[in-house]
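Q: here is my input, please return the structure:
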Amino acid sequence: MSKLITRASSINRALDQVGDKWCLLILQEVFWGINSFNEMLAATGVSKGVLADRLKWLQAVDCLHKKAEDGGKRMRYHLTRKSVELYDCALMAIAWERRFFNTRELDEVGLHHRNCGHAFQPQLRCRACGDEVRVWDVSYKPGPGATRDQRDKKVRRRSSLSVQEVPSGRSLYKNLINIVGDRWTANVIALAFHGLTRFDQFHQELPVATNILSDRLRFLVEEGIFQQIAYQRRPVRYEYRLTARGEALYPWFLTLLQWGDKWCSPDGSGRPMHLTHEPCGKRLVGQVQCSACGGVLRAHEVEFELGQARSA
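A: Coordinates of the predicted model:
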């Protein structure tokens with residue numbers, strides 16, 4: 001099996017496991033309580049073959065486990081300890097979606113923190129100083145796991161040559177999934193958080209064909225994540241700079257990075273990267289907190305309210 005050699009990155013490793021948009025949709029539904037095959041089929045609009053493939057994959061990477069229920073007549077899929085800890089990503093996805101889009105399904109959902117009894121908006125804050133984490137307040141240096149990864153090309157099978165829309169069906173953060181649910185697109189955004197802005201810089205870091213990279217950059221401009229700014233006239237060359245909408249994706253990526261640090265190291269060598277929160281000078285550990293009481297949000301302490309119905 002041929003290999004791709006890339007700089008070690010917890011975001012890359014996490015995207016290899018759950019970064020496909022169908023995987024993100026399935027995990028969203030299981031968080032919501034939809035956990036049988038037919039229920040997922042109806043909720044996501046995905047084909048039977050794709051759903052079966054992704055459920056098999058998520059079991060293989062220990063993000064779902066299957067259990068016979070209803071007297072053995074129906075198989076249901078449940079979150080594992082590993083996938084429950086993607087809850088921070090789900091909350092930051094909701095926060096981003098609400099800020100930039102009006103989505104009927106999401107507008108009907110209320111988030112309630114059991115510990116304080118109030119409705120809340122999730123906020124990503126530095127554990128050391130309590131300030132909100134902003135993209136340009138973070139610096140990076142190599143960590144103990146700063147090596148290079150060898151990854152099978154077959155992992156890339158879920159990245160198509162073109163970006164496709166999430167099919168019709170309920171999705172609390174459909175727009176985010178459409179953007180980050182393609183690995184090349186998500187990788188380009190992650191590199192932009194490190195200050196990369198030019199085509200040749202992205203191409204140097206990513207083992208991707210130039211036509212695919214051009215397609216992803218064009219898509220990100222169309223989606224309002226990047227703005228295109230000419231830095232050279234003859235011939236015309238562009239920089240791709242993050243917009244406010246693009247910068248606001250940082251909390252989702254940071255929670256994904258922290259999940260990848262914990263769950264996706266292939267050899268236990270440690271974090272590939274150290275992050276420092278420059279305002280306080282401490283190692284950055286992001287915590288998703290309740291806007292009402294400041295408490296750290298945990299999956300079993302949050303309730304979703306849809307109209308008159310409320311569920312954990």
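Q: strands along the stretch 101-250 of the chain, start to end?
A: Remark: strands assigned in the stretch 101-250 of the chain by DSSP state E, counting those that start in this stretch are 109-113, 118-119, 122-126, 138-142, 148-152, 226-232, 237-242.
Q: among these, which is the most enclosed?
A: Highest mean neighbour count among these (mean count of other C-beta atoms under 10 Å): strand 122-126, with a mean of 20. Any C-beta I mention is one placed from the backbone N, CA and C, and that applies to glycine too.
Q: output the contacting helices and strands for that one.
A: Based on contacts counted as 3 or more C-beta pairs under 8 Å, 6 or more residues apart in numbering; DSSP states H and E, the elements that strand 122-126 packs against are helix 87-100, helix 250-263, strand 286-290.
Q: least confident of the strands of the stretch 101-250 of the chain, on average?
A: Mean pLDDT is lowest for strand 148-152 among the strands of the stretch 101-250 of the chain, at a mean of 59.
Q: now the helices and strands packed on strand 122-126 as JSON lines including mean pLDDT, mean neighbour count and distance to N115?
A: Shown next, in JSON lines, are the helices and strands packed on strand 122-126 (pLDDT from 0 to 100; neighbours: other C-beta atoms under 10 Å; distance: least, C-beta to C-beta, whole Å):
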{"stretch": "helix 87-100", "mean pLDDT": "95", "mean neighbour count": "22", "distance to N115": "15"}
{"stretch": "helix 250-263", "mean pLDDT": "97", "mean neighbour count": "23", "distance to N115": "20"}
{"stretch": "strand 286-290", "mean pLDDT": "98", "mean neighbour count": "21", "distance to N115": "7"}
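Q: out of those, which is closest to A8?
A: Ranking the helices and strands packed on strand 122-126 by proximity to A8 (C-beta to C-beta) places helix 250-263 first, at 10.4 Å.
Q: tell me the first helix or strand C-terminal of the closest one.
A: strand 273-277 (DSSP states H and E).
Q: what comes up buried for that following strand?
A: For strand 273-277, the neighbour count (16 or more other C-beta atoms under 10 Å) marks 273, 275, 277 as buried.
Q: of those residues, closest to G19?
A: Nearest to G19 out of these is M273 (C-beta to C-beta; 17.7 Å).
Q: picking that back up, how about the buried residues of strand 273-277 in TSV, adding pLDDT?
A: Listed next are the buried residues of strand 273-277 as TSV, based on pLDDT from 0 to 100:
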residue	pLDDT
M273	93
L275	97
H277	98
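Q: tabulate those residues (TSV), appending distance to Q17.
A: Conversion of those to TSV gives the following (distance: C-beta to C-beta, whole Å):
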residue	distance to Q17
M273	18
L275	21
H277	27
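Q: give me the helix or strand of the protein that scores worst on average pLDDT.
A: For the chain, counting by mean pLDDT, DSSP states H and E, strand 309-311 ranks last in confidence among helices and strands (a mean of 47).
Q: tell me the spacing between the residue of the chain most remote from its centre and A190.
A: Centroid-distance maximum for the chain: R234 at 37.9 Å, with C-alpha atoms, centre = their mean. Going from R234 to A190 by C-beta to C-beta, to the nearest Å gives 32 Å.
Q: please apply the same query to N211.
A: Using C-beta to C-beta, N211 is found at 21 Å from A190.
Q: tell me which of the two has more neighbours.
A: Legend: neighbour count by other C-beta atoms under 10 Å for N211 and A190, higher for A190 (21 against 9).
Q: quick check: that one touching A14?
A: No - judged on C-beta atoms under 8 Å, A190 makes no contact with A14 at a distance of 10.2 Å.
Q: in the chain, where is pLDDT below threshold?
A: The model of the chain has pLDDT under 70 over residues 1-7, 148-170, 306-312.
Q: okay, helices next: where are they in it?
A: Assigned by DSSP state H, the helices in the chain fall at 10-18, 21-32, 37-44, 48-60, 81-84, 87-100, 104-107, 174-180, 183-192, 199-205, 210-222, 244-247, 250-263.
Q: count the residues that sit near the closest residue to S9 other than its chain neighbours.
A: Spatially, and ignoring its direct neighbours in sequence, S9 is nearest to P272 (5.8 Å; C-beta to C-beta, 6 or more residues apart in numbering). By other C-beta under 10 Å, the residues close to P272 number 25.
Q: residue contacts, P272?
A: Residues in contact with P272, defined by C-beta atoms under 8 Å, 6 or more residues apart in numbering, are 7-10, 142-143, 145-147.
Q: please apply the same query to G286.
A: Taking C-beta under 8 Å, 6+ apart, one finds 88, 124-127, 133, 251, 254-255, 258 in contact with G286.
Q: how about CSV for these, with distance to V30 added?
A: As requested, the contacts of G286 are arranged in CSV below (distance: C-beta to C-beta, whole Å):
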residue, distance to V30
D88, 16
L124, 23
R125, 27
C126, 30
R127, 28
V133, 27
P251, 22
L254, 23
T255, 18
Q258, 21
